[in-house]
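Peer 1: Take a look and give me a structure for this.
(chains A, B, C and D)
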2 protein chains.
Amino acid sequence: MTTTVSSRRDARRNHERLLAEARRLFAERGIDAPLDELANRAEVGAGTVYRHFPTRDALIRELYDSGVNDLRSFTAEIVEAESGWQAIEMWLERLSAWLIERPYLPAVMRRVAELDPDHRPGAELQAFADGVVARAQAEGSLRPDVTSVDLSVLVDMLGSLGQYGGAYVPFWRRQLAVVLDGLRARPDTTDLPGAALDFQEFHDMSHRKLPED
Amino acid sequence: MTTTVSSRRDARRNHERLLAEARRLFAERGIDAPLDELANRAEVGAGTVYRHFPTRDALIRELYDSGVNDLRSFTAEIVEAESGWQAIEMWLERLSAWLIERPYLPAVMRRVAELDPDHRPGAELQAFADGVVARAQAEGSLRPDVTSVDLSVLVDMLGSLGQYGGAYVPFWRRQLAVVLDGLRARPDTTDLPGAALDFQEFHDMSHRKLPED
DNA sequence: AGGGATTCGGAGGCTACCCTCCGAATGTTA
DNA sequence: TAACATTCGGAGGGTAGCCTCCGAATCCCT
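Peer 2: Numbers count the residues shown, from 1 in each chain, chains lettered A, B, ... in the order given. Reported below is the predicted structural model:
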């Protein structure tokens, strides 16, 4: 993730421009959209695209890194929530909104995992997620049978609504409200069926790896 | 949807083979996967592909029609449920499972909508969905503030987990259980925020059309 | 079994997109 | 402002994938 920054202003400007347009383009047409089109939208020659990102994968990697950075910045805000339940609400709300605005991210993550099969994301994120869940369950607000992986999958689900393009933006908060109501601890919840995935399985799955056994 | 069936057995066999492989291929690599690859997998010449499906869009249309047929076949089973709540459970469970097995469908639907911008799906499906919701709300088991469109969006969300490939199949039933618990009528549910989309808006949205005003 | 219609297969022309290359243009530094 | 380094732009060769075309193979019908 060592990004070399040029000293020339036009170079920096074009780099940013390309990244911004790439986000838009990939959101609309997927991460295999033609790079010539990217050059057009950024009002830049094809050569410029390939100087900044020698290969499409380099571009994808940069979007990935930027995403991981975003994630880290969320954790800071969430641990400061006043109650465990509020932390849960914030987690689902912030991450879903973030994912919905970046519908290209799931594909980007899968691609990066194909490129670097041994890549493992920071265990810190796992620890953070487990902490949020433990806190809310300890205070009795979150149903005891969900795990942090269950919540991550729910975020993925909500985030998938980004495929609809941002035009109807806030509609998904209704679905979020349903999910949150389903997550509250109650005397009469039916136990979640089956076994939860562990963190490693979740990671493999969201990168389309096959189960080991 | 008038499908002309050849009288020759090899032609029918190849047609089925191609459809089956197309589902697999599109599930893995998206609906823009190379058709030469389809020919290889179906162990068939490239010419055969293009005779059966003169264009990629023809193939996509056939997958779409097949999907709509599936949908209709579900409604019959669901209206026979013993209680309104069971109908809701069946609806979410059956449709989600079905979507998860066919991860190419959302892309197929969007593509068909691009090809036929004036296409409107049967109002019968809307009537069916409204009926299921009304029944469950009348018996007091389903929270009164959800609409059939809200449920359809929830199905889409659950169905999006098909992007993970079928390897971890049953894991998503945990998320389904959370959603169902969130849908039960209770004294203390927080009202769903904002206004629900109407059926037309939902249809436009799931086909990536922009809102009119 | 034989004839005729239909379908099959895959070689090959035709894009659309990828990516390089180098003269022109721009930024930086002193 | 001058001189040099860096970046820009887009023309163009290379290629993967699209789709056609027609001789060969298969099937249906009597």
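
Peer 1: Can you pull the poorly scored residue ranges out of chain A?
Peer 2: Along chain A, segments meeting pLDDT under 70 span A:1-4, A:122, A:166-167, A:169, A:208-213.

Peer 1: Now chain A against DNA strand D: closest residue?
Peer 2: A:Gly47 (1.7 Å; Cβ to the nearest atom of the strand). All C-beta spots, glycine's among them, are computed from the backbone N, C-alpha and C.

Peer 1: ok, residues contacting the one helix or strand that residue maps to?
Peer 2: Assigned by DSSP states H and E, A:Gly47 falls within helix A:46-52. With Cβ atoms under 8 Å, 6 or more residues apart in numbering or on different chains as the test, helix A:46-52 has contacts from A:Ala11, A:Asn14, A:His15, A:Leu18, A:Leu35, A:Asp36, A:Leu38, A:Ala39, A:Ala42.

Peer 1: Show me how far that helix is from its chain's centre.
Peer 2: Chain-centre distance of helix A:46-52: 27 Å, with Cα atoms, centre = their mean, to the nearest Å.

Peer 1: tell me which residues of the next helix or strand after it are tucked away?
Peer 2: Following helix A:46-52 in sequence order, the next helix or strand is helix A:56-79 (DSSP H and E). Of all the residues in helix A:56-79, those buried under the rule 16 or more other Cβ atoms under 10 Å in any protein chain shown are A:Arg56, A:Asp57, A:Leu59, A:Ile60, A:Arg61, A:Glu62, A:Leu63, A:Tyr64, A:Gly67, A:Phe74, A:Thr75, A:Ile78.

Peer 1: Take these and lay them out in a markdown table including distance to chain B.
Peer 2: Below are those laid out as a markdown table (distance: Cβ to the nearest Cβ, whole Å):
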| residue | distance to chain B |
| --- | --- |
| A:Arg56 | 15 |
| A:Asp57 | 17 |
| A:Leu59 | 19 |
| A:Ile60 | 16 |
| A:Arg61 | 21 |
| A:Glu62 | 22 |
| A:Leu63 | 18 |
| A:Tyr64 | 17 |
| A:Gly67 | 17 |
| A:Phe74 | 21 |
| A:Thr75 | 23 |
| A:Ile78 | 20 |
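
Peer 1: Of these, which is the nearest to DNA strand C?
Peer 2: Ranked by distance to DNA strand C (Cβ to the nearest atom of the strand), the buried residues of helix A:56-79 are led by A:Arg56 at 5.1 Å.

Peer 1: Name the secondary structure element that contains the residue in chain A that chain B sits nearest to.
Peer 2: In chain A, no residue comes nearer to chain B than A:Gly182, which is 2.8 Å away by Cβ to the nearest Cβ. In this assignment (DSSP H and E), A:Gly182 forms part of helix A:173-183.

Peer 1: and what of A:Pro121?
Peer 2: Per DSSP H and E, there is no helix or strand for A:Pro121.

Peer 1: neighbours of the nearest residue to it once chain neighbours are set aside, just the number please.
Peer 2: Nearest residue to A:Pro121 in three dimensions, chain neighbours excluded: A:His203, at 6.7 Å (Cβ to Cβ, 6 or more residues apart in numbering or on different chains). Using other Cβ atoms under 10 Å in any protein chain shown, A:His203 has 20 neighbouring residues.

Peer 1: Help me confirm that A:His203 comes into contact with A:Arg120.
Peer 2: Yes - the pair A:His203 and A:Arg120 qualifies as a contact (Cβ atoms under 8 Å) at a distance of 7.3 Å.
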